[in-house]
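Have a look at this prediction, sequence included:
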Amino acid sequence: MPEPVAVPVESPQPARPSWRQALRVYLEPTSLRMLALGFAAGLPLMLVLGTLSFRLREAGIDRSTIGYLSWVGLAYAFKWVWAPLVDRLPIPLLTRALGRRRSWLLLSQFAIMAGLVGMALADPRLALQPIVVCALVVAFGSATQDIALDAFRIESANIDRQAALAASYQTGYRLAMIWAGAGVLWLAARAEVAPLVAGAPAYQNAAWQAAYLVMAASMAVGVATVLLSREPLRVPLPPARGLADWLQGALVEPFADFFRRYRWQAVLILALIAVYRISDVVMGIMANPFYVDMGYTKDEVAAVTKVYGVVMTLAGAFIGGALSMRLGVMRILMLGAVLSAASNLLFAWLGARGHDVTALILVVSADNLSSGIASAAFIAYLSSLTNVSYSATQYALFSSMMLLLPKFVAGFSGDYVNAFGYAQFFTSTALLGVPVLGLIWLASRAGAAARS
């Protein structure tokens, strides 16, 4: 039985690439494919969370119900549960024609498109259940696409290209979030035919139907990319001798492999994964209420945070990808953690200035740039931890773990602000990043010792 091939945390490179070589990687076909697939991955998220809540509220659905419906997003946090099936289970006919990764990508994309069409045709004023069921189909299809896409990305290039692929993926993802956030609202507004009623736009389901149908059609970007891409080099899997053997290989072995390869370091690595983004996630929950309380208008927040802020995140992702290739993932992982925690202190400074758009631009620039750098390095780090024999399952576990604890802690952020105010809240979220620095240092030393 062939032994699984482990991907090291950081493979030694004979020579550092020049800056020109490091940046040229973004024009390679693999990076361009990841740009398009990142767009397909980012499109569904906003349509079942942020945009859907806007539509439901406009339709007169009460806020409590909308809050409960946000649990649809839990599909993303528990995708590791069915990741072993995506990793190992072939799809009849489709897998033989396209390969293991592309078949699951295509199936999940068709599920997303079908769910979006169903959300388009449903009218929440008449019945809420159809739109909830279709949103669940979109969420589970999207989470499944994430599983297959992470494996596709990891298996498409060696470790020195992973940061660049992560940056390309993030670029497509962020562009899709703009299209599915601001774009769908713009499309729905342009499709309206009735005048304002009592100073507010009346809900028109036909307008939302048109907007969501355009979003469903936009998934064709991902479908075409999958059909035109090559299947990554297939990692041979040992044949299963019966159901018990298959379950052992699909469900148990991916997790056992991780602990077998890293031993005592596995606990350290999992701790780092669980808390690396805690400063950003906890702070982000209170960002929009903070903007409202500081008197910023919707237009100011949209222009600075949704458009300009996304551009800065993309810039940070490209910088982080290039720096990781040139200087190494662990160094940029540390840099991203420092910048992410420090940028939270700028929000405390912004709160003391009150309504100041110039200061808002400065703070959002620093925060989103640091977030992009940290994300590119972190995705590359997670990719380096996986064994290519179990890449889908292991990466799904890692990407789910990185949100569970931060999301739980973030649930108490409103209570903290009410008790202590924004300035102390932002300072506290920055301090949450201090233990992260220690974990990165320990993980880096442990990795160096294991390679020596």
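Thanks, I have the structure now.

Now do the SS call for Pro124.
Following DSSP: H, G, I helix; E, B strand; the rest coil, we place Pro124 in the coil state.

isn't Ala315 right up against Gly372?
Yes. If you go by Cβ atoms under 8 Å, Ala315 and Gly372 touch, sitting 6.4 Å apart. (Glycine included, C-beta is placed from N, CA and C.)

which one of those two has more residues nearby?
Gly372 (28 against 17; other Cβ atoms under 10 Å).

out of everything not next to it in sequence, what's closest to the more buried one?
Nearest residue to Gly372, sequence neighbours excluded (Cβ to Cβ, 6 or more residues apart in numbering): Gly316, at 2.2 Å.

Surely the one you found is in contact with Ala366?
No. The pair Gly316 and Ala366 fails to qualify as a contact (Cβ under 8 Å) at a distance of 9.8 Å.

Those two: who's more crowded?
Per other Cβ under 10 Å, whichever of Gly316 and Ala366 has more neighbours is Gly316, with 26 against 19.

Buried residues of the one helix or strand the more buried one maps to, list them for me.
Secondary-structure assignment from DSSP states H and E places Gly316 in helix 309-327. For helix 309-327, burial by neighbour count (16 or more other Cβ atoms under 10 Å) applies to 309-310, 312-326.

mean confidence score for that helix?
Mean pLDDT, computed over helix 309-327, is 84.

now what about stretch 180-196, what contacts it?
For stretch 180-196, contacts defined as Cβ atoms under 8 Å, 6 or more residues apart in numbering pick out 42-47, 50-51, 54-55, 201-202, 204, 206-208, 210-212, 214-215, 302, 306-307.

where does the stretch 251-400 of the chain have low pLDDT?
Along the stretch 251-400 of the chain, the parts satisfying pLDDT under 70 run over 251, 285, 288-289, 292, 297-299, 301-302, 306, 388, 391-392.

Where do the helices of it begin and end?
Assigned by DSSP state H, counting those that start in this stretch, the helices in the stretch 251-400 of the chain fall at 253-262, 265-275, 278-285, 287-293, 298-301, 309-327, 329-353, 357-385, 391-410.

tilt between the first one and helix 357-385?
So the one you mean is helix 253-262. 90 degrees (axes from the mean of the first three to the mean of the last three Cα atoms, to 10 degrees).

other SSEs contacting helix 253-262?
helix 265-275, helix 391-410 (3 or more Cβ pairs under 8 Å, 6 or more residues apart in numbering; DSSP states H and E).

Taking helix 265-275 as reference, get the angle to it.
Using the same axes, to 10 degrees, helix 253-262 lies at 110 degrees relative to helix 265-275.

The longest one too?
Between helix 357-385 and helix 265-275, the angle comes out at 160 degrees (the same axes, to 10 degrees).

if we can go back for a sec, show me the contacts for the residue nearest to Gly372.
Asn368, Leu369, Ser370, Ser371, Gly372, Ile373, Ala374, Ser375, Ala376.

Equivalent analysis for Ala341, please.
Ala341 makes contact with Ser279, Thr429, Ala430, Leu431, Leu432, Gly433, Val434, Val436, Leu437 under the criterion Cβ under 8 Å, 6+ apart.

Format these as CSV; extra columns: secondary structure and neighbour count.
Output for the contacts of Ala341, formatted as CSV (DSSP: H, G, I helix; E, B strand; the rest coil; neighbours: other Cβ atoms under 10 Å):
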residue, secondary structure, neighbour count
Ser279, helix, 28
Thr429, helix, 28
Ala430, helix, 20
Leu431, helix, 12
Leu432, coil, 19
Gly433, coil, 25
Val434, helix, 12
Val436, helix, 25
Leu437, helix, 13
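
Would you check which pair of those residues lies furthest apart?
Farthest apart among the contacts of Ala341 by Cβ to Cβ are Thr429 and Leu437. That separation is 14.6 Å.

wait, doesn't Pro124 sit right on Phe54?
No. The pair Pro124 / Phe54 is not scored as a contact, 11.7 Å apart, by Cβ under 8 Å.

Which residue of the two possesses the greater neighbour count?
Pro124 (23 against 16).

Quick check: closest non-adjacent residue to the more buried one.
With sequence-adjacent residues excluded and distances taken as Cβ to Cβ, 6+ apart, Pro124 is closest to Ala59, at 4.6 Å.

Pretty sure the one you found sits against Arg125.
Yes. At 5.2 Å, Ala59 counts as touching Arg125 under the criterion of Cβ under 8 Å.

Helices - which of the contacts of stretch 180-196 land there?
42-47, 50-51, 54-55, 206-208, 210-212, 214-215 (DSSP state H).

ok, back up a step: for the helix holding Gly316, C-alpha coordinates in CSV please.
As requested, the backbone C-alpha atoms of helix 309-327 are provided in CSV (Å, rounded to 0.1, in the frame of the first residue of the first chain):
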residue,chain,number,x,y,z
GLY,A,309,-11.9,48.7,1.2
VAL,A,310,-12.2,45.7,-1.1
VAL,A,311,-9.6,47.2,-3.4
MET,A,312,-7.2,47.6,-0.5
THR,A,313,-7.9,44.0,0.6
LEU,A,314,-7.0,42.8,-2.9
ALA,A,315,-3.8,44.8,-2.8
GLY,A,316,-3.0,43.3,0.5
ALA,A,317,-3.6,39.8,-0.8
PHE,A,318,-1.3,40.3,-3.8
ILE,A,319,1.4,41.8,-1.6
GLY,A,320,1.0,39.0,0.9
GLY,A,321,1.3,36.4,-1.8
ALA,A,322,4.4,37.9,-3.3
LEU,A,323,6.1,38.4,0.0
SER,A,324,5.3,34.8,1.1
MET,A,325,7.0,33.5,-2.1
ARG,A,326,10.1,35.7,-1.5
LEU,A,327,10.4,35.7,2.3
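
now the angle between helix 329-353 and it, please.
Angle of helix 309-327 versus helix 329-353, following the same axes, to 10 degrees, is 150 degrees.

what comes up buried for stretch 126-143?
Applying a neighbour-count criterion of 16+ other Cβ under 10 Å, one finds 128, 131-132, 134-143 buried in stretch 126-143.

tell me which of those is nearest to Val86?
When the buried residues of stretch 126-143 are compared for distance to Val86 (Cβ to Cβ), Ala143 wins out at 9.8 Å.

Next up, the contacts around that closest one.
Ala75, Tyr76, Lys79.

what's the helix or strand for the nearest residue in space to the second one that is not next to it in sequence?
What that stands for is Tyr76. Residue nearest to Tyr76 in three dimensions, not counting chain neighbours: Ala143, with 5.1 Å by Cβ to Cβ, 6+ apart. Using DSSP H and E, Ala143 sits within helix 129-156.

pull the CA atoms of the following helix or strand past that helix into PDB?
The C-terminal neighbour of helix 129-156 among helices and strands, as given by DSSP H and E, is helix 162-178. Output of helix 162-178 as PDB, limited to C-alpha atoms (Å, rounded to 0.1, in the frame of the first residue of the first chain):
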ATOM      1  CA  GLN A 162       0.200  28.400  -3.000                       C
ATOM      2  CA  ALA A 163       0.300  32.000  -1.600                       C
ATOM      3  CA  ALA A 164      -0.100  33.400  -5.200                       C
ATOM      4  CA  LEU A 165      -3.000  31.100  -5.900                       C
ATOM      5  CA  ALA A 166      -4.600  32.100  -2.600                       C
ATOM      6  CA  ALA A 167      -4.200  35.800  -3.600                       C
ATOM      7  CA  SER A 168      -5.800  35.100  -7.000                       C
ATOM      8  CA  TYR A 169      -8.600  33.200  -5.300                       C
ATOM      9  CA  GLN A 170      -9.200  36.000  -2.900                       C
ATOM     10  CA  THR A 171      -9.300  38.500  -5.700                       C
ATOM     11  CA  GLY A 172     -12.100  36.600  -7.500                       C
ATOM     12  CA  TYR A 173     -13.900  36.000  -4.200                       C
ATOM     13  CA  ARG A 174     -13.900  39.700  -3.300                       C
ATOM     14  CA  LEU A 175     -15.000  40.800  -6.800                       C
ATOM     15  CA  ALA A 176     -17.900  38.300  -6.500                       C
ATOM     16  CA  MET A 177     -18.900  39.700  -3.100                       C
ATOM     17  CA  ILE A 178     -19.100  43.200  -4.700                       C
END
